Each structure stands twice: as structure tokens, then as C-alpha cells.
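> Sharing a model that was predicted from the sequence below.
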There are 4 protein chains.
Amino acid sequence: MTMDRSLFKFSSQVRVRNYEVDWQGIVHNATYLLYCEVGRIEYLQHVGVRVDLSTIQQESRVVLVRNEINYKSSAKFGETLNVHTRISAIHNTSFIFEGFIEEAVTQRLVAENVAFHVWLDGKTGEPVRVNEEFRNKIKKFEGKALLTQTNEPKIV
Amino acid sequence: MTMDRSLFKFSSQVRVRNYEVDWQGIVHNATYLLYCEVGRIEYLQHVGVRVDLSTIQQESRVVLVRNEINYKSSAKFGETLNVHTRISAIHNTSFIFEGFIEEAVTQRLVAENVAFHVWLDGKTGEPVRVNEEFRNKIKKFEGKALLTQTNEPKIV
Amino acid sequence: MTMDRSLFKFSSQVRVRNYEVDWQGIVHNATYLLYCEVGRIEYLQHVGVRVDLSTIQQESRVVLVRNEINYKSSAKFGETLNVHTRISAIHNTSFIFEGFIEEAVTQRLVAENVAFHVWLDGKTGEPVRVNEEFRNKIKKFEGKALLTQTNEPKIV
Amino acid sequence: MTMDRSLFKFSSQVRVRNYEVDWQGIVHNATYLLYCEVGRIEYLQHVGVRVDLSTIQQESRVVLVRNEINYKSSAKFGETLNVHTRISAIHNTSFIFEGFIEEAVTQRLVAENVAFHVWLDGKTGEPVRVNEEFRNKIKKFEGKALLTQTNEPKIV
């Protein structure tokens, strides 16, 4: 997982809060997933995709099916982190978020995350084609960097 | 990631607490990593590896370098979960924990996790050979199921 | 706040999980509120009060308006805690939960919590009389220990 | 607890993160304590009091002995909150933090917190006089608003 940073156009900031620091004096490993999720939600808001509580009662819904995260260095209390987020690929029924976290001042790489999402029919729960409106908004924002092959990735 | 359940000899139980349930009525995706970590720590205690606060000031220390998690179904408030844990491989300077979570009553698969750890020198922070005492304790517990090749896995 | 322990008839157990331990090696102060909430929810389930997600769309709903917590000693990783819970009083539109947490083996007192709840009309959001069915279930369970004066407590 | 807002000179900002929102669509009650703690730590840094991991191995240490929190309205995902913090009183061996949280745009009051701290001897764990350097820094910052009577408050 070596992400090409030049492909990322969107970033969020989070500050490490004291209670996120564990008994080793560093941010707990599960917390980086939360930071990446902050990034994903702000990304979706930024590109105009509605993210709200009612999504669970919609025609379709999106589920996270896999997370991969590489830990590169530990974040510490008081640090400000930049969370860079992009959608790297939209397949037929799935799409992929990539994110990386770096310390804001020194740009020290903290973690890299790939999050695989699947689009499901709201009633049957079966995978369905990723919504066209969503595709278009992401394509418009990401441009050529977005992979849009039809084949689903093989999730290990 | 299809784990061979027959290889797991150790399990822990966690009960889903109400505050772990998110705005979609299900356990938040980062929380499964916490459950798997509960499993790893209880596993280490079970096989006689000391896990304590002072480990950060030791000759060597262990860091988590990568997490992979597949989400299979959502856990809900009030469910009791079995967290199955094993060390599947010890390489030269690294070792791998596998874990899977299932709902206790129906054995519905909830999530599968692979967590890659590296053994570091306490002073230099460089990878060093996984401690022999640790190797022996794990070998004794896991028996033949434990992979012990010397080559490091290639972390994607 | 010195609670009369003989008045408590219900208790739950929680085990301190490693990630609940903060950078001081002890359970974070906000986490005790979570433990007490685990106790309250299990108490309500035990006495037959339905606790579910749909309560927010009901005729009436219950809100927590005040928490008081005294910290007596710190809980540590690996400790099992008994969380004792009771409803000590039902007033006209409000009721009071009391709880205390002790370490299971030594019965060392860890924390004491008083949580004030108000019963609201689901539409107007105005305080309304605590539901009779709820009153009866709690009275039946708590017996004489339950205060049922009509005057609301003065919340400081 | 009706706090005089004109006495507060310091404020922090937190943004509600999606995973802090519970199954009722609002920020969980324990999370407001975390926000207030963010405020206290930033306050201490602002007035020049060192807050670090090593404080537990010092001559003296500070413990939180009681929290009181009134919930006034619920914070929601995406809201930015102002957390106002002050030390309202320093007694002989204890001091009191007050805090209130309001939504940043509308200044809707969200919660009010009073947190009682005691200064302990690092070795014996017995209450000792609040450190002079700490007193002076707080006095300098708070000015006349700071109560400095010698009598300890009676914690209920």
C-alpha cells in the first residue's frame, strides 16, 4: 500500500484529543479508523453526497465490507492531523475509499487506510449497481484519477 | 480471508454494550477492532505472555503495523460475541494474529481480522528477532498449526 | 452521596477492557458513566421495561438531564466490576437512578452515580407525568425503598 | 447550576464527530464530559500549566473526585461546539473547574459541568495544599473571579 499522494484532492483536519491517547501514550490503533471515517464523511459532504441518519431506510444503502490499515507512526496528544481522502475506484456494485493521515506540521505519515464499500438494495440486502448520481458526482470531483472498471475487486 | 475455524483453540466473550451501537443501530466498524484486541490480550495472558504497562520501557517492544478486517454481518446491542483468537505465524521479526468474531447463540459470522505485529528493539526501534521465550510459548500452545517460516510476509 | 448499599437489589458485571484504560494506566473518568449506563439498561430489561431504538418515535420519551458522579478509586485493566443499580425515586415527571461500582473481588468502592431523568411528551417535548406502567413495574421491584413523593427534586 | 457566562475568559472548539453520535441520533451523554475535559486541558496549557504523561510520577498529582453535569440540549453530528472553561475556586487542597458547552452558531446551551479536583501527595496519596505556582498562574489568569477561600467545599 503505497499511496500516490498527488491523487488526493480533499483533506480534513482532526486534532488528537487527550482521551484518544492510550496507556502507551499514543493514539489507540482503532482510533485512526475513526479519523479516516471523519475524512470520508467530510469528503462526501464536500462532493455533495447526502450523508444522514435516514440512509438506512432508503431504497439502497452502503455498507463497509473491509478495512485495511497500515500503521506508519504513532500520533500523539496535541498533534493536528491532516486526513487525506479520495475515492479511488467505482466498480459495478462497490467502490473504494483511500485515505492517509499525516501529522500537519511535519507531514510525518501516520497511517494509510483502504476501505471497501458495497452498494446494497435497501430491501433485499443484495448488491446492486452503484447509483448513477453518486457515480457522476465522484467522477466529476475525482476526474481521471478515478478507476471505473466494471469488474469487482477480489476482496482477500 | 477465509479462516479455518478448526485451528482456533482460544476464545473470549464480549457483550455488546449499548454505547457501542451507532446511529445506524449497529456496532460501529472500529469497535470490532477493539473486540479483537480484547481477544488478543486475553490470548496472551492465557498462554503466559506478560502484558503490562511497563512493556514500553523494556528491551524490546511489539507494535501493530497492519490491520485487515472483513465485515460479514453487524453485531447488535445485547448480543454476546465469541472472539476467537490465534497466532497463525511467527516469522523472523514479525508475527500474525488472526481473529474472528461470531454471535454466540447462532454462530453468525460477524467479522474476521488479521493483525500484523513487528518486534522492535526497545532502544533503536529497529525490527529484531521475535523473542525466543515468546516463540516457545506460542509454539507450545498452537502446536503444528503455527507457521514458523523465517521469511517476512510482504505487507501490501 | 453515601449510598445505602442494602437498598440495591440488582447488579451487572463489566470487565475493564484494555482500551478503556487511559494514559495514566487507569479507567478514564467518563467511562464510569458508561458502566453505570450498562447497569441502568440491564436493570430496565430485568424489571421488564422495554428499551429499544424505537423509543424516540414514541408518545413519550425519557431524557437524562443530570449526572453526578463521585470517583472513589480507579479501576484498572483486567478488573471485573460490579455495577449496582436501583431507581431510588419517582416524582411526578422525573425519576432518579442511583448506581455504584465496586471491584468484584475486594468490593473496593470505585464510583457512585446519581442520574436524573425526565419524562417528556413525544410531540411537545414538555415534561409529563411518568407513565403508570413504568411506575408500577419499578414499585413492584423496588418495594418500600422507592420514594414516590410528587414534588420534583430541585436540580442544582 | 446557573453559570455566569461573563466570568469565562477561555474557550475551545470541538466539532461533533460522526462516531460520537449514538443510536438516538445525538451525542452520547458521556461524551460531553470528554468535551469538557478537552476544554480543561487546553485551558491549563493556555495558562501555562504543564500537562503531561509524567505527571503521575511527580511529587504531587491531581485527581478528579467528582463530576456534575447538566444536560440542556443535545448536540448533533456536524455541529461545532464552543467549550467555555474556567477555574472558579481554589481551596486549600482542592480546586473547581466549571465549564459549559454551547453550539457555536446559535449559542444554544448544550451542557454545564462542574469538576472537582483534589491535589494529592505523590507518595502518600494524601491531600496536600494546592501548589503555589499553580495558584499563582490561575489567580493571574482569572483575577477577581477566582474564589480562594481556604475551606474545602463539601462534596455531596
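Cool, the structure landed. Residues are numbered from 1 along each chain as shown, chains lettered A, B, ... in the order given.

> is the top helix by length along chain A anywhere near chain B?
Looking across chain A with DSSP state H, the single longest helix is helix A:31-47. Yes - under the criterion of CB under 8 Å from any CB of the partner chain, helix A:31-47 makes contact with chain B via A:31, A:33, A:34, A:37. C-beta here means a position set from N, CA and C on the backbone, and glycine is covered the same way.

> Quick one: residues contacting residue A:152.
Contacts for residue A:152 (CB atoms under 8 Å, 6 or more residues apart in numbering or on different chains) come out as A:91, A:92, A:93, A:94.

> what about 6 Å?
A:91, A:94 (CB atoms under 6 Å, 6 or more residues apart in numbering or on different chains).

> What's the separation between it and residue D:60?
Distance, residue A:152 to residue D:60, by CB to CB, to the nearest Å: 60 Å.

> Please apply the same query to residue A:5.
Between residue A:5 and residue D:60 the distance is 46 Å, computed by CB to CB.

> what about these two, which has more around it?
residue D:60 (16 against 11; other CB atoms under 10 Å in any protein chain shown).

> The more buried one pairs with what?
For residue D:60, the beta-bridge partners are residue D:121 (DSSP bridges).

> is it true that it touches residue D:123?
No - counting by CB atoms under 6 Å, residue D:60 sits too far from residue D:123 to count as a contact (9.2 Å).

> ok, back up a step: which single one of the residues of helix A:31-47 next to chain B is nearest to chain D?
Nearest to chain D among the residues of helix A:31-47 next to chain B is residue A:34, at 5.2 Å by CB to the nearest CB.

> Surely that closest one touches residue B:31?
No - with contact defined as CB under 6 Å, residue A:34 and residue B:31 do not form a contacting pair (10.0 Å).

> So between these two, which is more surrounded?
Taking other CB under 10 Å, residue A:34 and residue B:31 do not tie; residue B:31 has more neighbours (24 against 21).

> Please enumerate the helices of chain A.
Secondary structure of chain A (DSSP H): helices located at A:31-47, A:132-142.

> ok, residues contacting the last one?
If I follow you right, that is helix A:132-142. With contact meaning CB under 6 Å, 6+ apart, helix A:132-142 is reached by A:47, A:48, A:49, A:87, A:90, A:146.

> where in chain A is pLDDT low?
Across chain A, the ranges flagged by pLDDT under 70 are A:1, A:23, A:52-58, A:150-151, A:154-156.

> What residues does chain A have near chain D?
Applying CB under 6 Å from any CB of the partner chain, we find that chain A lies next to chain D at A:17, A:18, A:19, A:25, A:34, A:38, A:41, A:53.

> what residues are up against the second one?
By CB under 6 Å, 6+ apart, the contact set of residue A:18 is A:77, D:41.

> correct me, but residue A:10 touches residue A:42?
No - using CB under 6 Å as the test, residue A:10 is too far from residue A:42 to be in contact (7.6 Å).

> Identify all residues paired with residue A:82 through a beta bridge.
Bridge pairing for residue A:82 - DSSP bridges - gives residue A:13, residue A:102.

> related to what we said a few turns ago, so for residue C:131, which of the helices of chain A sits nearest?
Among the helices of chain A, the nearest to residue C:131 by CB to CB is helix A:31-47 (37.0 Å).

> tell me how far that closest one is from the chain's mean position?
Centroid displacement of helix A:31-47 relative to its chain, using CA atoms, centre = their mean, to the nearest Å, is 6 Å.

> Quick one: list the elements packing against it.
Secondary-structure packing of helix A:31-47 (3 or more CB pairs under 6 Å, 6 or more residues apart in numbering or on different chains; DSSP states H and E): strand A:10-15, strand A:80-90, strand A:94-103.

> What angle do strand A:94-103 and it make with each other?
With axes from the mean of the first three to the mean of the last three CA atoms, to 10 degrees defining the directions, helix A:31-47 sits at 110 degrees from strand A:94-103.

> Just want the angle from helix A:31-47 to strand A:10-15.
Orientation check (the same axes, to 10 degrees): helix A:31-47 against strand A:10-15 gives 140 degrees.

> neighbouring contacts of helix A:31-47?
Against helix A:31-47 from outside (CB under 6 Å, 6+ apart): A:10, A:12, A:14, A:20, A:51, A:83, A:85, A:97, A:99, A:101, A:111, A:113, A:137, A:141, B:30, D:17-19.

> if we go to 7 Å?
By CB atoms under 7 Å, 6 or more residues apart in numbering or on different chains, the list of residues contacting helix A:31-47 from outside reads A:10, A:12, A:14, A:20, A:51, A:67, A:69, A:81, A:83, A:85, A:97, A:99, A:101, A:110-111, A:113, A:115, A:137-138, A:141, B:29-30, B:33, D:17-19.
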